[in-house]
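**Student:** give me the fold of what follows.
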Amino acid sequence: MATAALGYDRPPGEAQGTALDGGMHSQGEADYPYAQPGDEYWVALPAPANTSGTPLTVLDATIAPAPRGVRILGYRAVSAEYAGGYLLGFAHVGAEDSVLERAHDYAGDPIPVEPHQRSDVYYLARLRVTGPIHGKLTTCRFRYRQGSNVYRQDLRCLNELKIGTEPESTS
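**Tutor:** Modelled structure (predicted):
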């Protein structure tokens, strides 16, 4: 997805990248209609795959921009192997999700991705619902180094939170 088409300006020295793909994690859509103001969630960004023939190093990843009604509280980068797999959709922040918080956080560390391979490490955004949500989490922005160049590439990440009613108890 071209950065210019999204209306974002690249900082000087960062070229538009094309080496990453989000695979199935950027193709589908996760929808959670039960969000309430004050709720906090983990949402997964696509696991970066290097589609090129040259190694690269992921430097960071963010959601850009977050829709109105959602505040991004921070990011973590975790190994799918040690976090119990890849989070699909949303996970409510709480005791049942402690594995995501106990897993080693690689955010801020360079994450190498070999040619034609998918990274085992993926980013999570912790977000809080602040009010009615207007829009979706549609753009995941990655910065990576390949050789001596730094690139920025936006991948599609469709996740949607909606203000709704709590699901009925099945007990």
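**Student:** list the buried ones in stretch 108-126?
**Tutor:** 111, 113, 118-126 (16 or more other C-beta atoms under 10 Å). Backbone N, C-alpha and C define where each C-beta goes, glycine included.
**Student:** just the strands in the chain please.
**Tutor:** In the chain, the strands defined using DSSP state E lie at 14-16, 20-21, 29-35, 40-44, 49-50, 56-63, 68-79, 90-92, 111-113, 121-134, 137-146, 149-163.
**Student:** still on that earlier bit, now the buried residues of stretch 108-126 in a markdown table, please, with extra columns for pLDDT and distance to Arg76.
**Tutor:** A markdown table is the format used below for these (pLDDT from 0 to 100; distance: C-beta to C-beta, whole Å):
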| residue | pLDDT | distance to Arg76 |
| --- | --- | --- |
| Ile111 | 97 | 12 |
| Val113 | 97 | 18 |
| Arg118 | 94 | 18 |
| Ser119 | 95 | 14 |
| Asp120 | 94 | 14 |
| Val121 | 96 | 10 |
| Tyr122 | 94 | 10 |
| Tyr123 | 94 | 7 |
| Leu124 | 92 | 5 |
| Ala125 | 92 | 8 |
| Arg126 | 92 | 7 |
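**Student:** wait, which of those residues is closest to Ser52?
**Tutor:** Closest approach between the buried residues of stretch 108-126 and Ser52, by C-beta to C-beta: Val113, at 9.5 Å.
**Student:** wait, Val43 sits on His92?
**Tutor:** No. Contact criterion C-beta atoms under 8 Å: Val43 and His92 do not qualify, at 10.8 Å.
**Student:** neighbour count: these two, which is higher?
**Tutor:** Val43 (23 against 14; other C-beta atoms under 10 Å).
**Student:** and which of the buried residues of stretch 108-126 is nearest Leu158?
**Tutor:** Of all the buried residues of stretch 108-126, Leu158 sits closest to Ala125, with 13.8 Å by C-beta to C-beta.
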